[in-house]
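> Got a predicted model here, sequence first, then my questions.
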Amino acid sequence: MISMQYSFVLPADYDMSVIDRRIAEKGSMTDGFPGLVFKAYLSARKGERGASDNRYAPFYLWDGPAGMNDFLSGPGFVALTQSFGWPSVATWSVWHAELAPGIERARFATSERLAIAPHTGLEQLRAAETALAQSCVSEAKALAAVAGYEPTTWTLVRFRLWEELPLELAKGAAVYRVGHVSR
């Protein structure tokens, strides 16, 4: 599996209802997209839950690179780039993805990007992140938990979908509203 996310930082006075309408009108276009496990249409509003700016930042989980490549070279991504610009697309090799039934009910998402220290034992880190993702869904009531890494910049990603935000969030976790989840 592979995950990806791109993000558009929008002006502080940007009318975020434009993003909400875009998600409502176009979100279902990726329902059933070949190779897509899920796409979470995410937005953040400046000043809300610690957000430093307005942002549109969808997160994708693919069963392999073919679906991702088809999407990035397809007309939907072309239309997106014509509306918002050419984004940098972060990708991670997925160590583990834990999905609960009903991820379409997600209303919030959290994302952590953490540096992996040089010479970290990746086998142990992978096992620990897998266990954390599993417990996050079974015990913390997340609807989805994805753990992955990117070995160019040695970055770990922890992505979660929630119906209700937990009372305690990891320090530095980005919090998003979920407008739609495609499967």
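Right, received. Where do you want to start?
> from here on, contacts and neighbour counts on C-alpha atoms
Noted.
> Got the confidence number for the residue nearest the centre of the chain?
In the chain, the centroid-proximal residue (Cα atoms, centre = their mean) is residue 59; its distance is 2.9 Å. If you check residue 59, the pLDDT there is 98.
> isn't it right up against residue 4?
Yes. The pair residue 59 / residue 4 is scored as a contact, 5.9 Å apart, by Cα atoms under 8 Å.
> how close does the residue nearest to the centre of the chain get to residue 117?
25 Å (Cα to Cα, to the nearest Å).
> just residue 130 next, same as before
From residue 130 to residue 117 the distance is 18 Å (Cα to Cα).
> before we move on, what about residue 9?
For residue 9, the distance to residue 117 equals 28 Å [Cα to Cα].
> re earlier: show me what contacts the residue nearest to the centre of the chain?
Residues near residue 59 by Cα atoms under 8 Å, 6 or more residues apart in numbering: 3-6, 39-42.
> Same question for residue 133.
Counting by Cα under 8 Å, 6+ apart, residue 133 touches 96-98, 145-147.
> Please convert the residues you listed to CSV, extending it with distance to residue 162 and secondary structure.
Formatted as CSV, these follow (distance: Cα to Cα, whole Å; DSSP: H, G, I helix; E, B strand; the rest coil):
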residue, distance to residue 162, secondary structure
96, 17, strand
97, 14, strand
98, 13, strand
145, 9, strand
146, 12, strand
147, 15, strand
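> Where does the most far-flung residue of the chain relative to its centre sit: helix, strand or coil?
Most distant from the centre of the chain: residue 119, at 26.9 Å, with distances by Cα atoms, centre = their mean. Following DSSP: H, G, I helix; E, B strand; the rest coil, we place residue 119 in the coil state.
> okay, it: pLDDT?
97.
> Distance of it relative to residue 112?
For residue 119 relative to residue 112 (Cα to Cα), the value is 21 Å.
> Out of the contacts of residue 59, flag the one nearest to residue 84.
Residue 84 lies nearest to residue 6 out of the contacts of residue 59, by Cα to Cα, at 11.2 Å.
> quick one, what contacts the closest one?
Counting by Cα under 8 Å, 6+ apart, residue 6 has contacts 57-59, 87-90.
> 7 Å - rerun?
57-58, 87-90 (Cα atoms under 7 Å, 6 or more residues apart in numbering).
> Narrow the residues you listed to those in strands?
Among the contacts of residue 6, the members falling in strands are residue 90 (criterion: DSSP state E).
> in what helix or strand does residue 68 lie?
helix 65-72 (DSSP states H and E).
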